[in-house]
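K.L.:
build the 3D model from these lines:
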Amino acid sequence: MTLSMLAADVPHQVISILSEEGINDLRPAQEKAITAGLLRGKSLLICTPTASGKTLIAELGATKTILSKKGKVIYIVPLVALATEKAKEFRRRWGAMFRVALSVGDFDSADPRLADYDLIICTAEKLDSLLRHHAPWLSQVSLMVVDEIHLLNDVSRGPTLEILITLLRQLLPQIQIIGLSATIGNPKELADWLDATLVDDNWRPIPLHKGVYYDGAIEFKDRR
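P.N.:
You can find the predicted model right below:
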């Protein structure tokens with residue numbers, strides 16, 4: 001599937017920007033996500049290998065939501081460093097089309113400035129603070145992206161992330177959720193809990209070879 005085939009559903013500005021960056025063909029997981037209803041507001045759990053194109057799936061959903069004026073997008077990441085990296089990249093790519101905010105500090109504020117932004121990148125801890133401070137703009141959120149969603153199983157971060165997802169689904173029953181991960185042990189169960197469609201794919205841009213290194217040589221046991 002090519003990007004040009006999505007002209008009826010994806011804003012032309014988005015296709016133009018991606019084409020200028022050399023992105024013209026969709027990867028397998030991206031095509032599966034489109035077919036599963038990504039651009040129709042369906043919640044999805046994306047479980048595919050590293051570098052298989054998960055972030056672009058989230059970007060397509062986010063740009064569709066924002067440019068169609070459906071509401072704001074929250075993009076949750078586990079680490080401040082990753083949030084900073086995503087904000088820099090999204091501002092570079094999409095900054096001329098909508099406003100991107102980075103919100104990772106000051107846990108004792110509703111951060112009212114965020115009301116003026118379309119895409120808000122934050123950590124789970126920051127979103128927890130925003131919910132506890134009843135940030136009024138949260139009612140405008142239509143899409144929540146959860147990067148590294150397998151951290152629901154993490155003993156330190158998991159409970160906070162689980163509560164956040166649960167609360168937002170209660171506050172915003174129509175919210176679209178896109179979960180991203182390369183390592184989920186129970187993807188079907190998690191997709192059912194999210195009331196989402198599972199997009200599972202094994203394609204990776206560089207083949208993965210497993211082997212045993214011994215005495216200066218590698219003996220490959222299998223290839224995929």
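
K.L.:
quick one: the strands in this protein?
P.N.:
44-47, 72-77, 100-103, 119-123, 141-147, 176-181, 197-200, 209-214, 217-223 (DSSP state E).

K.L.:
in its sheet, what does the last one sit against?
P.N.:
Read it as strand 217-223. With DSSP bridges as the test, strand 217-223 is paired with strand 209-214 (antiparallel).

K.L.:
can you give me the helices for this structure?
P.N.:
Secondary structure of the chain (DSSP state H): helices at 12-20, 28-35, 54-67, 80-94, 124-132, 158-171, 187-194.

K.L.:
pick the most buried one from these.
P.N.:
Greatest average neighbour count among the helices of the chain goes to helix 54-67 (a mean of 22), per mean count of other Cβ atoms under 10 Å. Where C-beta positions appear, they are placed from N, C-alpha and C, glycine not excepted.

K.L.:
show me where pLDDT drops low in this protein?
P.N.:
Counting by pLDDT under 70, the ranges of the chain that qualify are 106, 205, 222-224.

K.L.:
return the distance of the residue sitting furthest away from the middle of it relative to Ile76.
P.N.:
No residue in the chain sits farther from the centre than Asp215, which is 42.2 Å out by Cα atoms, centre = their mean. In this view, Asp215 and Ile76 are 46 Å apart by Cβ to Cβ, to the nearest Å.

K.L.:
likewise Leu44?
P.N.:
Leu44 is 15 Å from Ile76, by Cβ to Cβ.

K.L.:
got it, and Glu189?
P.N.:
The gap separating Glu189 from Ile76 is 20 Å, by Cβ to Cβ.

K.L.:
repeat for Val104
P.N.:
Taking Cβ to Cβ, one finds Val104 at 11 Å from Ile76.

K.L.:
need the overlap of contacts for the two.
P.N.:
Counting by Cβ atoms under 8 Å, 6 or more residues apart in numbering, the common neighbours of Val104 and Ile76 are Cys122, Thr123.

K.L.:
contacting residues for Ile34?
P.N.:
When contacts are counted by Cβ under 8 Å, 6+ apart, Ile34 touches Met1, Leu6, Leu26, Leu60.

K.L.:
mind running it again at 7 Å?
P.N.:
Met1, Leu6 (Cβ atoms under 7 Å, 6 or more residues apart in numbering).

K.L.:
you'd agree Asp195 is up against Ser43?
P.N.:
Yes. The pair Asp195 and Ser43 qualifies as a contact (Cβ atoms under 7 Å) at a distance of 6.1 Å.

K.L.:
settle it for me: which of these two has more neighbours?
P.N.:
Ser43 (20 against 10; other Cβ atoms under 10 Å).

K.L.:
what sits closest to the more buried one if chain neighbours are left out?
P.N.:
Ala196 (3.8 Å; Cβ to Cβ, 6 or more residues apart in numbering).

K.L.:
quick one: the one you found from Lys221, how far?
P.N.:
35 Å.

K.L.:
before we move on, what about Lys54?
P.N.:
In terms of Cβ to Cβ, Lys54 sits 28 Å off from Lys221.

K.L.:
cool, and Glu148?
P.N.:
Here Glu148 is placed at a distance of 29 Å from Lys221 (Cβ to Cβ).
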